[in-house]
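1. with the sequence up front, the predicted model follows.
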Amino acid sequence: MSDAMRDYFGAWYQDHFDRRPTDAGYETNICWEAWRAAIEHAHSVLDSPARVGGATLRKGVHWATVIASAQRQYEINQSMTPEQRAEMRKTIKDIQAQPSPLVPEPKDAMSYRTEREQAHAMGWNDCRAAMLNASGNEE
């Protein structure tokens, strides 16, 4: 146990129980065990993205979520027949083969007279840029 962790816990214990735990009491103190378990649980998250089935879980997701996702994926796979799995793979390939969505033409904000119309055109162009960015297309 680090000195910093011992000091932090000692201060917390002092605030809650109006006394310091004894050095011998750290290892046997139920509060210490609960506090340390809570700290360890708080840090049990992904330190980089992970893929479970078709889902990508981002950095910072709790391990409990990763495990639950893997269990659901396993249950789904076990409940499907080989024909259903083949149909699902075909559907995914069909969706991936579709052309990228149409993106509207940009609007020239300065061609509008009122501030409201100009703001609408600027919002339109921002939305259009987000659509292009999401599709990996840049103009």
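-> Happy to help now that I have it. Being a predicted model, the structure only gives us computed values, none of them experimental. Numbers count the residues shown, from 1 in each chain.

2. how's this protein carved up into domains?
-> 3-42, 45-79, 102-139 (automatic domain parsing).

3. so which of those domains is nearest residue 88?
-> Residue 88 lies closest to domain 45-79 among the domains of the chain, at 9.5 Å (Cβ to Cβ). Any C-beta I mention is one placed from the backbone N, CA and C, and that applies to glycine too.

4. start to end distance for the closest one?
-> Separation of the first and last residues of domain 45-79 by Cα to Cα, to the nearest Å is 29 Å.

5. could we number from 286 for the rest of this?
-> Okay, using 286 as the starting number, the last item reads as domain 330-364.

6. show me which positions of that domain end up buried.
-> Using 16 or more other Cβ atoms under 10 Å as the burial criterion, the residues of domain 330-364 that qualify are 335, 337, 342, 346, 351, 354.

7. which stretches of this protein form helices?
-> 288-302, 310-313, 315-327, 348-364, 367-382, 400-420 (DSSP state H).

8. can I get the buried residues of domain 330-364 in TSV including pLDDT and distance to residue 396?
-> Shown next, in TSV, are these (pLDDT from 0 to 100; distance: Cβ to Cβ, whole Å):
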residue	pLDDT	distance to residue 396
335	83	48
337	81	49
342	83	45
346	84	46
351	83	51
354	85	49
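
9. which one of those is nearest to residue 376?
-> Using Cβ to Cβ, those come closest to residue 376 at residue 337, 19.7 Å.
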